[in-house]
Structure formats: C-alpha cells, structure tokens
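A.B. asks: kindly return the folded structure for what I paste below:
(one chain, ligands or ions: 1)
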Amino acid sequence: MKILTFGQTGQLAKALKRTKPNNIELTQLSRQQVDITQPQLIDEALEYYRPDIIINCAAFTDVERAENNGPQVLQTNVEAVKFMVNTASKLGIRFIQLSTDYVFDGNSSLPYSVNQKPTAINVYGQSKLLAEKVILQQQSNQYCIVRTSWLYHYSGKNFVTTMLKLMSQAQSNSHIISVVNDQTGSPTMVDDLAHFLWKLCLQKQWSAIYHWSDAGKCTWYEFALEIQSQALALGLIPSTVSLIPVTSEQYNSCVKRPSFSVLDTKQSHSIVKPKPWQQQLAHSLNSYSLDKE
Ligand SMILES: NC(=O)c1ccc[n+]([C@@H]2O[C@H](COP(=O)([O-])OP(=O)(O)OC[C@H]3O[C@@H](n4cnc5c(N)ncnc54)[C@H](OP(=O)(O)O)[C@@H]3O)[C@@H](O)[C@H]2O)c1
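C.D. replies: The predicted structure follows:
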C-alpha cells in the first residue's frame, strides 16, 4: 500500500516514519518539496506519486500565532485541504484529515462524542472545523477525519519537552513553574496515534469521524506533576521544582482555549484500544532515558 503524507518535519509525520509497517511504501513531502498553499504543487505531487491514501499531517498548528494570522491559517488549514480533496477525488485517492479537540468550545463536562456538534473558540480551532466541513461534504466512506489531542513525544517541541527543559532550568535558577490547572484534556503519545492511523489505513471503509487519544484525562498542571514525578524517578531531572497551579486568566494567554476537551474515543476501540496516558508517558520517558545513554 502506498501512503503519502503532506508534511515531513512535524510530530505526527515523524511518528508515522518511526512506526511504519514493513509492507507500507511511505512518501513524505516537506514544505520545501510541496508548499501546500500552492495548488499546482499538490496536483503535480499526487499525479506523480499516485498514493492509495493521503494522510494530511501538514497544518498551521501554532495556536497563539494563529490568532493574528487569519489569512495564512485559512490558506494552510482550509484552502489547501480543498485542493487536496479535489485532486484526490479526481484520482480516486483515499484521504485522512487530522483534526483537533480544539474544534469544541469546552463547555461540556463529559467527553465529546463524534456526533456532538463542534463550536470552536479560537482561530486555529475554527480553521480546523472549516477543513472538517470540506471532508464531510464529500459524503464518502473513502474520506475521514481523525480528531486527536495534546500530542507529544520526547523529541521535538511539545508540552513534555518544554516542561523537562523548564524543570532542568528551574533547578539552577530556583524558579517556580506556573501551569494552567483549569483546562482538561487527554495527553496522547504521538506514536500511539500513528499506530492507530496505520490500522485505520487497513480498513476498507471509514466512518466520517474518529476520535483518538490516549486513555484518561488531566489538566496541564496534573500532566506537569506526572512528568516531574516520572522524570525524577528516571533521573532525567535532579530534584523537585515548585509547580504552581494557575487559572487560564492568570496565565494571561492571548488565545481562548477550551476548558474541557476530552474526546470520547469509544468508537475507535474496535480498531485500537487506547492505553492510559500515564503508562504511555512512562513508555516515552523510558525510551528517552535509554536514548540518552
Ligand atoms: N500537536 C498537537 O497537540 C495536536 C493536537 C490535536 C490535533 N493536531 C493536529 O495533528 C496534525 C499534526 O500535528 P503535528 O503536531 O504533527 O504538527 P506540527 O508538528 O506542528 O507539524 C506541522 C507540519 O505542517 C507543515 N506545514 C505547515 N505549513 C505548511 C505548508 N504551507 N506547506 C507544507 N507543509 C506545511 C510543517 O512544516 P515546517 O516544519 O516546514 O513548518 C510541519 O511539518 C495537525 O493537523 C494538527 O492540527 C495536533
């Protein structure tokens, strides 16, 4: 089976490369090869590679910067998806679009099901929601949306690596670290999402929307506490630092984020059953510790 990803350098694209099954032929296109805001480059690439399935890993993902870059966000997250879908439908290529828990407003206190109506509250979420509409308009079981949340790996730029870095710096500077404690979601080790996507590729027909995250939920503050406790046990940081829970208001971000964005993943369990996020964090930090040796 031939799979093509737009995006090569991002977290998910790298995870797909790391976890690729032997029988898959994987082509990954970087921004330098195909800038997805250029329709003719998308066309040429798809005509040339003729994959069986596209997994769109490319997106404008900086939630804060998105607030003041609306046109560029729409170009990357919505218009590009329209181009991809147009050419994919002409060439009979199946299509998986990655989406986000940030399509929801966070006013629920129960995990969001795939049937719930999304209402996004920031520019990034709104753009991903518009892209979802492009996919849903196809009304085809050969196109689907996979919503996920709070992706991390021990390499790259994400909450886990940021926390480990801050925790190491805070030791020498006797600083405290303030972490938001009124946003709840589900951390997801990105390789777990990649495994789910590989299994999804093998399904002959797709539902319109899938939810995938590791199991369980926490606030960012609780996530940071768990990172600290596991990192200490593995000797990745030398001692405890002061973690202070704060509200989103105190944190003073320029962007609204949902206070609750846990995804109900039940519908995906027949494909792969997610494992508890704490266990997957341990798995990731263990691998980090071994890699460092
Ligand atoms: N990260 C999360 O916590 C999270 C949560 C929920 C959903 N998601 C979704 O999951 C998907 C993958 O996220 P990720 O964390 O892997 O993102 P990421 O690490 O930020 O990677 C985004 C990728 O998109 C590429 N890209 C951006 N603009 C492009 C353009 N004009 N042309 C070609 N490539 C372009 C980037 O290339 P450069 O490196 O050249 O910039 C990068 O490779 C996205 O759809 C995202 O919305 C992510």
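A.B. asks: which outside residues touch stretch 38-47?
C.D. replies: Residues from elsewhere that reach stretch 38-47 (Cβ atoms under 8 Å, 6 or more residues apart in numbering): 4, 6, 29, 33-36, 54, 80, 83-84, 87-88, 91, 93. From N, CA and C alone the C-beta is placed, and that goes for glycine too.
A.B. asks: mean confidence (pLDDT) on that stretch, please.
C.D. replies: Stretch 38-47 carries an average pLDDT of 98.
A.B. asks: is the ligand contacted by it?
C.D. replies: No. If you take Cβ under 6 Å from any ligand atom as the test, stretch 38-47 misses the ligand, and the best it gets is 8.1 Å.
A.B. asks: show me the contacts for whichever residue of the stretch 151-293 of the chain sits closest to the ligand.
C.D. replies: Across the stretch 151-293 of the chain, the shortest distance to the ligand (Cβ to the nearest ligand atom) belongs to Leu151, at 3.6 Å. Leu151 makes contact with 11-12, 158, 188, 190, 193, according to Cβ under 8 Å, 6+ apart.
A.B. asks: neighbours of the closest residue to Lys217 other than its chain neighbours, how many?
C.D. replies: Nearest non-adjacent residue to Lys217, counting by Cβ to Cβ, 6 or more residues apart in numbering: Val262, 4.6 Å away. If you count neighbours by other Cβ atoms under 10 Å, Val262 ends up with 24.
A.B. asks: adjust the sequence numbering to begin at 460 for everything that follows.
C.D. replies: From this message on, residue numbering opens at 460, which makes the last subject Val721.
A.B. asks: quick check, Val721 in contact with Gln642.
C.D. replies: No. With contacts counted by Cβ atoms under 8 Å, Val721 stays clear of Gln642, the gap being 10.6 Å.
A.B. asks: quick one: distance of the helix or strand bottoming out on mean pLDDT in the chain to the chain centre.
C.D. replies: Lowest by mean pLDDT, DSSP states H and E among the helices and strands of the chain is helix 618-632, with a mean of 87. In terms of Cα atoms, centre = their mean, to the nearest Å, the centre of helix 618-632 is found 22 Å from the chain centre.
A.B. asks: please apply the same query to stretch 489-497.
C.D. replies: 20 Å.
A.B. asks: swap in stretch 591-605?
C.D. replies: 18 Å.
A.B. asks: is that stretch up against the ligand anywhere?
C.D. replies: No. Stretch 591-605 lies out of reach of the ligand by Cβ under 6 Å from any ligand atom, never closer than 8.3 Å.
A.B. asks: and that stretch, average pLDDT?
C.D. replies: Stretch 591-605 carries an average pLDDT of 96.
A.B. asks: follow-up on the earlier one: establish whether the least confident helix or strand of the chain and the ligand are in contact.
C.D. replies: No. Helix 618-632 lies out of reach of the ligand by Cβ under 6 Å from any ligand atom, never closer than 8.0 Å.
A.B. asks: right, and the helix or strand after that helix?
C.D. replies: Going down the chain from helix 618-632, the next helix or strand is strand 635-639, by DSSP states H and E.
A.B. asks: now the element after that following strand, going C-ward?
C.D. replies: Scanning forward in sequence from strand 635-639 by DSSP H and E, the next helix or strand is strand 643-644.
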